[in-house]
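1. here are the coordinates; sequence isn't available:
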C-alpha cells in the first residue's frame, strides 16, 4: 500500500460499510446520540481441529486504544463518502449526516471497561464493554473486533506452546508466514501470551525486547559457492559474532557435516576464551537429531550450548519431541532431562496463524439508555447459545478454597458477589444446569472489568508488555491444571446469576411476542 | 500501535534479526555487494484439512513494491541498531556496517522479475526472482515472503469460493475476523482472486470498488427496545434507503417474523415506485431458509429480490447449499435454478483466514555472481523435495492442442521451449518420472516471468485490480476442469527440463562431497 493511502485504509474507514449506513439511519431517526452499550465476548475456545484450548489469553487492547485515539474523520474521508452513490445513482450519504460525522466522528465520548491484557479469559464473558453515542459505538464494532480477536487468538496459542515447552525459551519467528501487517500484531500478542523473544526487529524494539536470530541458510550456500564450504561459513560467523555464535547446522547434512563443523568452530572459539551459544536444527526428525547432536556436543565438552529447534512446531509437536527424547535419549547415553533443559523452541507458521480459523469474538448491543434509564437489548437467535446476555452487567471471577479460579460469573450491576451468603448460578443456555456456591467455599471474588476510558479520557495507566506477561503467569498458576491441559481440557465454568438468568428469560419471551409487532 | 511507531514497525525493520546479522557478516567478509539471486516459490497448494487446492492465484506484488519503495533506513533505525548488544554486553552492529547500511540500505539496486498478479500459479515454480547486492537481497527475504504468501493464500481461497458459487456475486465481509491490519491485504487479495465486492470501506475505496453492506442486527434490537419492533426497524431502513433496501431478517425469527416483515416493507416500497433489493440470512439452515424465503417472496410478487447468505460460508458450505437447494426446492414449489440465480454470498472468517495455515512460500538463494559469471547455489535438504532448483532459470507455461495449460516448465536461461522439437521433462524430485512433449502437441508456450524492477526502477506498468481480475478469469478458463475441481483436483504438472535436472544432480553430488570441506 502506498504510504499516503495508509491513513485512508487504517483510519476511520477501517470499518464495514453497514456501520456507516446504520449510523446515517440512526442520525436520520434522531437516535445517533442515544447512549448505547455493546459487549465484546467470544463464544468458543479456539479449535485447532484435533484439539481445543481450555482458556484464552486476552490481548490487543492497547493497540485498539491507539487506533481509537488516532482515528478521526478527515476532509478526504467525508469527500469520499459524499461521492458514494446507491443503486439509483443518487448519493448514499446526505450532507447533514456527513457534517455531523465530520464534527463528531471520533471516540472522544466513548467509555470503555475491559479485562486487562494478559489475563486468562473464557467464552461468553464480556471482555470489553463499550458505552457511548449509538452511531459511534456502532462504527467501532469492526475495528474493535479486528484488534481484539486476532491478538487474543495468537496470545492463546503462544501460551499453549510455552506450556508444552515446559517453560523453556520460546522464540517467535513467524513474520514471513504472517498475515502481512498483521504480523506485527502477532509478534506483540505472542510476547504477551508466552513467547519470550521474537525475530521481528521493529516490534521487538517497540516492545522493549532484544530481537533474536542466528543466520540464514544462504550464508552457508554462499560460502559453498565460494568454495569455502559449511565450515568456512561457520568460521566467518564465529569471527564476527564470537560471543553470540549459534549456527544453523542443517544446510547440507546435519549429523554428517553440520554438527561436526559446529564443534570444530566451537573448539576454536573456546581456545580464544569465548563461550559458543549453540546450534539450530531446522529440518528432519528434530527429536532424533537433537539427541544425536547433544551426544556429539557433550562428547566434545559442550554440554551447555543451546539446541534451538524450529520447523513446523506447534504445541503438540513440541510435546511429541519432549516425549520422544524422554523415551529415546537414554538409549544413546544422553540424559533426557538435561537435553530438554537445553532446548529452545523457534515457532512461526502455526503460531502466527494459530491453526484455528479465528477467534469467534462478537460485539453485541446489550443496552440502550432511554429516558435516563438503561434498557436491556436482546438478540434472540435461532441458536439458543447465541442469544446474548442483556443489560448492564458486572463480571466476577470466583476463587475456591484452594485459591483456584472456579467460575466466572455474569451478574446484574447491583449484585455484589463477595457479600452474598449463597450464589445460585445458572448455565448460560441449559436450563437444567445449576450450581450453588456457599460463602465458605469462596476464598475471594474479584471484578474482571477495569475502567479504561471514561468519555474518551484514559483512566487506566498504560502498561508494559512485561506487566501483561506477569499477569498471565499469575492467572495460569491460579487455573486448575485440568483446564490448562493441552488436550481435552476440563470445561471452566461460566455462569449467570439467578437474577440475570431471570431477566434474560423475560426478555426472550417478550421478544418472541413482539417480533412481529407493528407500530 | 501509536501512529509515530508505524514507520519503525513497518519500515526497513519489518524483517527478521538474522537478516541484519547476516548482512553485517557479508559486509565484514566483503561479500555484501556481490550480486545474488533469490527465488520465491511455494512448495505445496494450501491444504484445508479435508481438501486441498489444485491451483493458486498469485497476489501481493504491488503492495510489496510499495513497501520496497518506501522502506529506507532512517537515522532512528541506525540509532536503534547501534544500541543492540550481544551476550557479552558489547555492541552487535559496528559503525562501519551501520554507515554502509544507512547509505545503501534501500532497494534501489534490486532487480525483480515476477509473475503478474491474478495469474494461476503452481508449486515449485519461481514466482518472483530477485537479483541484487547480497546483503540487501537477504534483508528483503522476510518482507517479500510476508507480502506474497498471505495475499496469494487469500486470493486462492476467494477463487475457490467464487467457483463454488457458480459466478454469483461474492462479497468479502471478513475485516472483523481478519488478522488485524492484515485484513486490508485480505480485502485486496480477495478482490483479485474472486470476491466481487467487500464491506471494507477504506480498501474498497482505494481499489475503486463500491463497499457493500446492509444493516446491523443492533438496528433491529434498538427498534425493539424502543417498542417499534422489527417492522419498525425495516420501515426506518426503507425510508432512508428506499432504492437500496436489503434487510437482515434473522434477528428474531427468520420465517415467522423477519421475512413477513420484509415483505410488508417491500410492498410499501413498491407502492411508492421503488424496487426493493432483497434480504440477508445470517444464521440457521441457510439452504432451507433460502427456499422458504424464496417461496414467500415469490408469493408476494418479489421473484427478483436478492437473497444474501452469510454465516460460516466456505467453498464446501456454498457447494452444499446449492446441492441442498437443487434437491429440496422442488418439494416446496420453488424453481431451484431461479433461486440459485438470485443468491449472493457473504463470506468472512474462512476467507480472510483461508482455513489453511499459511502458504508455505520460501525465498531461496539460487545463484551468486562471482568473477562476472553467475554460479548456481544449492541448499541440499534432508528432504529431497526441499532441495532447490539452482541457477538462472526461465519459466515457461506450455499449452496443449486444446489450448489448455498442460505444464509449467523450469528451464535453463538459454533454453527456448517454443523452438524445441521435443521437450524432455523431468519430475522435480522423482527420478523415474519423465515426460516428453512433441512440438505438434504444443499450441503455445509463454514465459511466465515479467520484468518488474530493473535496478530499482519500475519497468512494468502499474495495474488496476480489474486488470488482475481479468487475467485470473482468462487463466482459469485455460485450466483443465480436473485441476479446477474443489475436491481431489488433478495434479498440474510442474517439470524441469532435462538440462536443469542434470545441473541439479551434479550440484547435489558436489555439495554432498564438499559439505565437510575445510579451507
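-> Good, I have the coordinates. Because the structure is predicted, anything quoted here is derived from the model rather than measured. Residues are numbered from 1 along each chain as shown, chains lettered A, B, ... in the order given.

2. And the strands in the stretch 151-300 of chain A?
-> A:170-172, A:197-198, A:246-248, A:278-281 (DSSP state E, counting those that start in this stretch).

3. most neighbours per residue, which of those?
-> strand A:170-172 (a mean of 28; mean count of other Cβ atoms under 10 Å in any protein chain shown). Backbone N, C-alpha and C define where each C-beta goes, glycine included.

4. sorry, back to before: tabulate the strands of the stretch 151-300 of chain A (JSON lines), appending distance to residue A:35.
-> Shown next, in JSON lines, are the strands of the stretch 151-300 of chain A (distance: least, Cβ to Cβ, whole Å):
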{"stretch": "strand A:170-172", "distance to residue A:35": "41"}
{"stretch": "strand A:197-198", "distance to residue A:35": "41"}
{"stretch": "strand A:246-248", "distance to residue A:35": "56"}
{"stretch": "strand A:278-281", "distance to residue A:35": "56"}
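
5. Mean pLDDT and distance to chain B added to the ones you listed, as CSV?
-> Below are the strands of the stretch 151-300 of chain A laid out as CSV (pLDDT from 0 to 100; distance: least, Cβ to the nearest Cβ, whole Å):
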stretch, mean pLDDT, distance to chain B
strand A:170-172, 98, 10
strand A:197-198, 98, 9
strand A:246-248, 97, 9
strand A:278-281, 98, 10
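
6. Residue B:390: which of those strands is closest?
-> Closest of these to residue B:390 is strand A:246-248, at 19.2 Å (criterion: Cβ to Cβ).

7. The closest one - which strands sit beside it in the sheet, and in what orientation?
-> Strand pairing for strand A:246-248, using DSSP bridges, gives strand A:278-281 (parallel).

8. And the contacts of the partner strand?
-> A:214, A:246-250, A:254, A:258-259, A:262, A:289-290, A:293, A:297, A:305-311, A:342, A:344, A:346 (Cβ atoms under 8 Å, 6 or more residues apart in numbering or on different chains).

9. related to what we said a few turns ago, what's the closest of the strands of the stretch 151-300 of chain A to residue A:404?
-> Here strand A:170-172 is closest among those (Cβ to Cβ), at 25.1 Å.

10. partners of that closest one, with directions?
-> strand A:197-198 (parallel), strand A:343-347 (parallel).

11. burial count for the closest residue to residue A:349 other than its chain neighbours?
-> Leaving aside its sequence neighbours, residue A:349 sits nearest to residue A:177 (Cβ to Cβ, 6 or more residues apart in numbering or on different chains; 4.3 Å). Neighbour count for residue A:177, taken as other Cβ atoms under 10 Å in any protein chain shown: 26.

12. Correct me if wrong: residue A:8 contacts residue B:206.
-> Yes - at 6.1 Å, residue A:8 counts as touching residue B:206 under the criterion of Cβ atoms under 8 Å.

13. Flag every residue of the stretch 251-400 of chain A that's near chain B.
-> A:251-254, A:256-257, A:260-261, A:275, A:277, A:283-284, A:349-350, A:352-353, A:355, A:357-361, A:363-365, A:368, A:370, A:375-383, A:386 (Cβ under 8 Å from any Cβ of the partner chain).

14. same check, this time on the stretch 51-200 of chain A
-> Checking the stretch 51-200 of chain A against chain B by Cβ under 8 Å from any Cβ, the hits are A:60, A:63, A:66, A:70, A:80, A:84-88, A:90, A:92, A:134, A:138, A:141-142, A:145-147, A:149-151, A:173, A:175-186, A:199-200.

15. now, which of those residues lie within helices?
-> Judged by DSSP state H, helices contain the following of those: A:63, A:66, A:70, A:80, A:134, A:138, A:141-142, A:145-147, A:149-151, A:182-186.

16. so who does residue A:446 touch?
-> Counted by Cβ under 8 Å, 6+ apart, residue A:446 has contacts A:396-397, A:399.

17. Tell me which residues of the lengthiest strand in chain A come out buried.
-> Longest strand in chain A, counting residues (DSSP state E): strand A:361-370. By neighbour count on 16 or more other Cβ atoms under 10 Å in any protein chain shown, the buried set for strand A:361-370 is A:361-369.

18. and of those, the nearest to chain B?
-> residue A:365 (3.7 Å; Cβ to the nearest Cβ).

19. For the closest one, which non-adjacent residue is closest in space?
-> In space, residue A:365 is closest to residue B:218, 3.7 Å off (Cβ to Cβ, 6+ apart).

20. That neighbour and residue A:366 touch, don't they?
-> No - in this structure residue B:218 lies outside contact range of residue A:366 using Cβ under 8 Å: 9.5 Å.
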